[in-house]
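K.L.:
just to be clear, the model below is a prediction. Sequence and coordinates:
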Amino acid sequence: MAMMTYDDVQVGSEGPERRHVLTRTDLVKYAGASGDFNPMHHDEILAKAAGMPSVFGHGMFSMGLLSAALTDWVGPGRVVKVAVRFSKQTWPGETLVSRVVVTGKREEEGRRFVDVDCTLANADGEGKVVGTATLEPA
Amino acid sequence: MAVDRSVIGKSTGRTKVVIERGPVAVFAEAVKDSSAIYRDPGAAEAAGLHGMPVPPTYPAVMSHWGAFPEQQPEASGDAGSGAGEVLGPLLAAGGLLLHGEQAFEYHRPVVVGDVLVGEGKVADAYEKQAGSGTLTFIVMDTIWRDEATSEPVVTARMNLIVRT
């Protein structure tokens, strides 16, 4: 899909979907890249001992993946604001699917912003990360 | 136990960070973003940016990668105490810590080479009853400023929840 332009998007326009099957390797990489070594995210033995079915994803990994869906559309360096709520845990083997939908367009002080709703859900539609963002297309 | 609302406004600390090219590329890889703009200065310039930007959630890890001990500002009197006053006793009592919400608001893009100073404070603290338990919410804002100009660059807002 082409990069977002202010003139081409309308309320209801949808960005390119990201679809990713979560792996334990993703969580090990994110632990190393973030410094978050909470064992619930990489140590299956400890996670099961704590009553979890398996390790589960870092919320910030999910937000990172959803943010990558935003920059896929508007381009890196052009997300002005992103705000999310973490509603459910993510589990290895789940397919995580992004959805980005335009909710508004506005011009302020010579800058042009596109507001969107953004969601990361599993294949059954269970929302994992739900939020809003403001984008500033080139 | 009612939440101690006197913590609102207290400092959660002051941190100086350096934004470096290697960690930004490692982080982009970890969030599955293969864009050349995070890796190649030429690609960033061609995209009309004044430097190589960082992925939107990079401020969450800036301190992990770029806070060097010898560069840290002098601690002020109550630095770092705000959030711990609320969270510490709850966690010591066996409370479960959850990351409820997260936001980043950019006043300009963060780019490789930036030196930023972050000042955190407790923005809100409140609790709600949920069934037989209590949810304690603590909201922390960190404003990251360009060290050279003192202009705000990015504001991070984190909402933590302790379930007791």
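P.N.:
Thanks, I have it.
K.L.:
C-alpha only now, for contacts and for neighbours.
P.N.:
OK.
K.L.:
any residue of the longest strand seen in chain B touching chain A?
P.N.:
For chain B, the strand with the greatest residue count under DSSP state E is strand B:115-130. No. Contact of strand B:115-130 with chain A (C-alpha under 8 Å from any C-alpha of the partner chain) is absent, the minimum separation being 15.5 Å.
K.L.:
mean confidence for that strand?
P.N.:
Mean pLDDT, computed over strand B:115-130, is 94.
K.L.:
parallel or antiparallel, list what pairs with it.
P.N.:
Here strand B:115-130 has these sheet partners by DSSP bridges: strand B:11-18 (antiparallel), strand B:133-146 (antiparallel).
K.L.:
tell me the average confidence for stretch B:88-102?
P.N.:
Stretch B:88-102 comes out at a mean pLDDT of 88.
K.L.:
I meant to write stretch A:52-64 there.
P.N.:
Across stretch A:52-64, pLDDT averages out at 97.
K.L.:
ok, stretch A:31-44 next?
P.N.:
Average pLDDT, stretch A:31-44: 96.
K.L.:
got the phi and psi for residue A:25?
P.N.:
Backbone torsions of residue A:25, given as degrees, to the nearest 10, read phi -60, psi -40.
K.L.:
no, scratch that, I was asking about residue A:49
P.N.:
Dihedral angles for residue A:49 - degrees, to the nearest 10 - are phi -60, psi -30.
K.L.:
do the same with the one 5 residues further on
P.N.:
Residue A:54 adopts backbone torsions of phi -170, psi -180, taken as degrees, to the nearest 10.
K.L.:
repeat for the one 5 residues further on
P.N.:
Here the main-chain torsion angles of residue A:59 (degrees, to the nearest 10) amount to phi -60, psi -40.
K.L.:
and it, what is it in contact with?
P.N.:
Contacts for residue A:59 (C-alpha atoms under 8 Å, 6 or more residues apart in numbering or on different chains) come out as A:86, A:89, A:90, A:129, B:99.
K.L.:
quick check: the farthest pair among the residues you listed?
P.N.:
Spanning the widest gap among the contacts of residue A:59 are A:90 and B:99, at 13.5 Å by C-alpha to C-alpha.
K.L.:
does anything pack onto the helix or strand of chain B at the bottom of the mean pLDDT ranking? Which helices or strands?
P.N.:
Ranking every helix and strand in chain B by mean pLDDT, DSSP states H and E puts helix B:82-92 at the bottom, with a mean of 80. Applying 3 or more C-alpha pairs under 8 Å, 6 or more residues apart in numbering or on different chains; DSSP states H and E, we find helix B:82-92 packed against strand B:11-18, strand B:115-130, strand B:133-146, strand B:152-163.
K.L.:
show residues contacting the last one.
P.N.:
When contacts are taken as C-alpha under 8 Å, 6+ apart, the neighbours of strand B:152-163 outside the stretch itself are B:59-60, B:87, B:90-91, B:95-110, B:133-146.
K.L.:
circling back: residue A:90 and residue B:99: who's more crowded?
P.N.:
Each of residue A:90 and residue B:99 has its neighbours counted (other C-alpha atoms under 10 Å in any protein chain shown); residue A:90 has more, 23 against 17.
K.L.:
so that one makes contact with residue A:56?
P.N.:
Yes. Residue A:90 is within contact range of residue A:56, at 5.6 Å (criterion: C-alpha atoms under 8 Å).
K.L.:
and the longest strand of chain B with strand B:152-163, angle?
P.N.:
Angle of strand B:115-130 versus strand B:152-163, following axes from the mean of the first three to the mean of the last three C-alpha atoms, to 10 degrees, is 30 degrees.
K.L.:
returning to that earlier point: make JSON lines out of the helices and strands packed on helix B:82-92 and add mean neighbour count and distance to residue A:30.
P.N.:
Compiled in JSON lines, the helices and strands packed on helix B:82-92 are given as follows (neighbours: other C-alpha atoms under 10 Å in any protein chain shown; distance: least, C-alpha to C-alpha, whole Å):
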{"stretch": "strand B:11-18", "mean neighbour count": "21", "distance to residue A:30": "20"}
{"stretch": "strand B:115-130", "mean neighbour count": "19", "distance to residue A:30": "23"}
{"stretch": "strand B:133-146", "mean neighbour count": "21", "distance to residue A:30": "22"}
{"stretch": "strand B:152-163", "mean neighbour count": "21", "distance to residue A:30": "19"}
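K.L.:
could the ones you listed go into JSON lines alongside distance to residue A:50?
P.N.:
Below are the helices and strands packed on helix B:82-92 laid out as JSON lines (distance: least, C-alpha to C-alpha, whole Å):
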{"stretch": "strand B:11-18", "distance to residue A:50": "30"}
{"stretch": "strand B:115-130", "distance to residue A:50": "22"}
{"stretch": "strand B:133-146", "distance to residue A:50": "20"}
{"stretch": "strand B:152-163", "distance to residue A:50": "16"}
